[in-house]
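A.B. asks: following is a predicted model, sequence given first.
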Amino acid sequence: MGYRYLILADGTSYRGYGFGSDATTTGELAINSNMLGYQESMTNPAYYGQIIVFTQPSVGNTGINDKSYESIQPHTKGIIVREYANISTNRNHRLSLDEFMKQNNIPGICGLDTREITKHIQKHGSMMASIVDVNDKHAFDQLHATVINHQQVAQVATPKAYQDPGTGYNILVVDFGLKSNLLGALTQRQCNVTVVPWDTTAQQIFNLDPDGVVLSTGPGSPENVPRSVLKMIQKVQARIPLFAIGLGHELFARANGAKTCRMPAGYFGSNHPVKRIITGQVVHVSQNQGYQIATLSLRHTPLFVTYIDLINHSIQGLHHQDYPAFSVQFNPNGGPGPKDSSELYDEFLENVHSFRSKR
Ligand SMILES: NC(=O)CC[C@H](N)C(=O)O
């Protein structure tokens, strides 16, 4: 392994050892504080275009297995770790992390002080970075010249509808870059799932006559998603039970007149306690968010807050005051992380059940 550099848009540079692909890459740094689940995070489409800094001290020691893919292809641009462990002790191991990264053209750097990088990002905010061979002026110029693709959702979401059959309720999932974990939570509950592209119109959804609609997680800023999607949400929530997660939650909020804003350093992990306001129950949840709902913008909207993060006080859940439509910022079903709030799927299906009985 030769030296490679992580260079940051503010001029900072860190030297470590390359592993995985030897490609040069650029992306936004995302500090991931999960203690497990690097495979799930790397294959989560919501990390599209990002370089993940894993704060777990040793990454690679479970290799890559067939069961932990959150999508067929990894979408992360690169990874930064403290220690790369190339010996895997997992009996489900299929590939080493290094082999997986080489096959998918993902470069990595190990031997870096990930705590130092985390502190830097917490102090100066999230920023673009590159993984390069030489940290010279040319490399920084290239980094500054990088044009960010703002059509992230279109890059990762399915272009065509597909089905995940079941014998229960007909649930339609609008795909903004979903994790397979979401489909697993629904099929575990016997749902007959149809996944449709992100730009499906309300009329197309009504034609499919679903019993409930889920808006999935996904990458990038909710502001980059065309307004036609907000119109779709406005129409659908008024007629069909709706459950929105992650990017879907941010779009649900915007469709109802709230504003979203960028978080200073983003939050990617599963160690924040989140309080369910109505019961006072505190749960730990799996979060990955670079954006959040602007709290004051909720005034004069038909939404009320259902979950709040107890550390950064960000809004983690919303409910519509007139419709059976609700949302959460976090992933209720881990992937990776706790599944403490997976009963939210059951609450959604209870809404679906009473909607169906009235039809
Ligand atoms: N979990 C997600 O769906 C991520 C939503 C959005 N891309 C954000 O960073 O806030």
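C.D. replies: Arrived safely, thanks for sending.

A.B. asks: any idea how far Val147 lies from Glu223?
C.D. replies: Remark: distance between Val147 and Glu223 (C-beta to C-beta, to the nearest Å) = 17 Å. No exception for glycine: its C-beta is placed from N, CA and C like everyone else's.

A.B. asks: of the two, who's got more company?
C.D. replies: Regarding Val147 and Glu223, a neighbour count based on other C-beta atoms under 10 Å identifies Glu223 as having more, with 15 against 6.

A.B. asks: residues contacting the spatially most central residue of the chain?
C.D. replies: Against the mean C-alpha coordinate of the chain, by C-alpha atoms, centre = their mean, the closest residue is Ala46 at 3.6 Å. Ala46 is in contact with Gly177, Lys179, Thr217, Gly218, Pro219, Gly246, Leu247, Asn288, counting by C-beta atoms under 8 Å, 6 or more residues apart in numbering.

A.B. asks: so the third one sits right up against Leu251, yeah?
C.D. replies: No - at 10.7 Å, Thr217 does not count as touching Leu251 under the criterion of C-beta atoms under 8 Å.

A.B. asks: what is the top helix by length along the chain packed up against?
C.D. replies: The single longest helix within the chain, with elements called by DSSP state H, is helix 343-358. Applying 3 or more C-beta pairs under 8 Å, 6 or more residues apart in numbering; DSSP states H and E, we find helix 343-358 packed against strand 212-215, strand 242-245, strand 325-328.

A.B. asks: before we move on, back to that, okay, and the common contacts of Thr217 and Leu251?
C.D. replies: In contact with both Thr217 and Leu251: Phe176, using C-beta under 8 Å, 6+ apart.

A.B. asks: can you give me the pLDDT of Phe252?
C.D. replies: Per-residue pLDDT puts Phe252 at 98.

A.B. asks: you'd agree it is up against Ile245?
C.D. replies: No - the criterion here is C-beta under 8 Å, and Phe252 misses it with Ile245 at 9.3 Å.

A.B. asks: identify the contacts common to these two.
C.D. replies: The overlap between the contact sets of Phe252 and Ile245 (C-beta under 8 Å, 6+ apart) consists of Leu215, Ser327.

A.B. asks: list phi and psi for the nearest residue to Val285 once chain neighbours are set aside.
C.D. replies: Excluding its sequence neighbours, the residue lying closest to Val285 (C-beta to C-beta, 6 or more residues apart in numbering) is Phe330, at 3.8 Å. Main-chain torsions, Phe330, degrees, to the nearest 10: phi -90, psi 170.

A.B. asks: Phe330 and the ligand, how far apart?
C.D. replies: Counting by C-beta to the nearest ligand atom, to the nearest Å, the separation of Phe330 from the ligand is 8 Å.

A.B. asks: mind listing what that residue touches?
C.D. replies: Ile245, Gly246, Val274, Val285, Ser286, Gln287, Gln289, Tyr307, Gln316, Ser341.

A.B. asks: so what's Leu303 closest to, chain neighbours aside?
C.D. replies: Excluding the flanking residues, the one nearest Leu303 by C-beta to C-beta, 6+ apart is Leu318, at 4.7 Å.

A.B. asks: so that neighbour bridges to which residues?
C.D. replies: Taking DSSP bridges as the rule, Leu318 bridges to Val305, Ser327.

A.B. asks: what residues does the residue in the stretch 101-250 of the chain positioned nearest to the ligand make contact with?
C.D. replies: In the stretch 101-250 of the chain, the residue that lies nearest the ligand is Gly246 (2.3 Å; C-beta to the nearest ligand atom). Listed by C-beta under 8 Å, 6+ apart, the contact partners of Gly246 are Ala46, Ser216, Thr217, Gly218, Asn288, Gln289, Gln329, Phe330, Asn331.

A.B. asks: next SSE after the longest strand seen in the chain?
C.D. replies: Ordering each strand of the chain by length in residues (DSSP state E) puts strand 260-276 first. The first helix or strand that comes after strand 260-276 along the chain, using DSSP states H and E, is strand 282-293.

A.B. asks: can you map out the helices along this structure?
C.D. replies: Applying DSSP H to the chain gives helices spanning 38-42, 97-103, 114-124, 137-145, 152-156, 180-188, 202-208, 227-237, 247-255, 343-358.

A.B. asks: could those go into a markdown table alongside mean neighbour count?
C.D. replies: What follows is the helices of the chain, written out as a markdown table (neighbours: other C-beta atoms under 10 Å):
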| stretch | mean neighbour count |
| --- | --- |
| helix 38-42 | 25 |
| helix 97-103 | 19 |
| helix 114-124 | 16 |
| helix 137-145 | 13 |
| helix 152-156 | 21 |
| helix 180-188 | 19 |
| helix 202-208 | 14 |
| helix 227-237 | 18 |
| helix 247-255 | 27 |
| helix 343-358 | 16 |
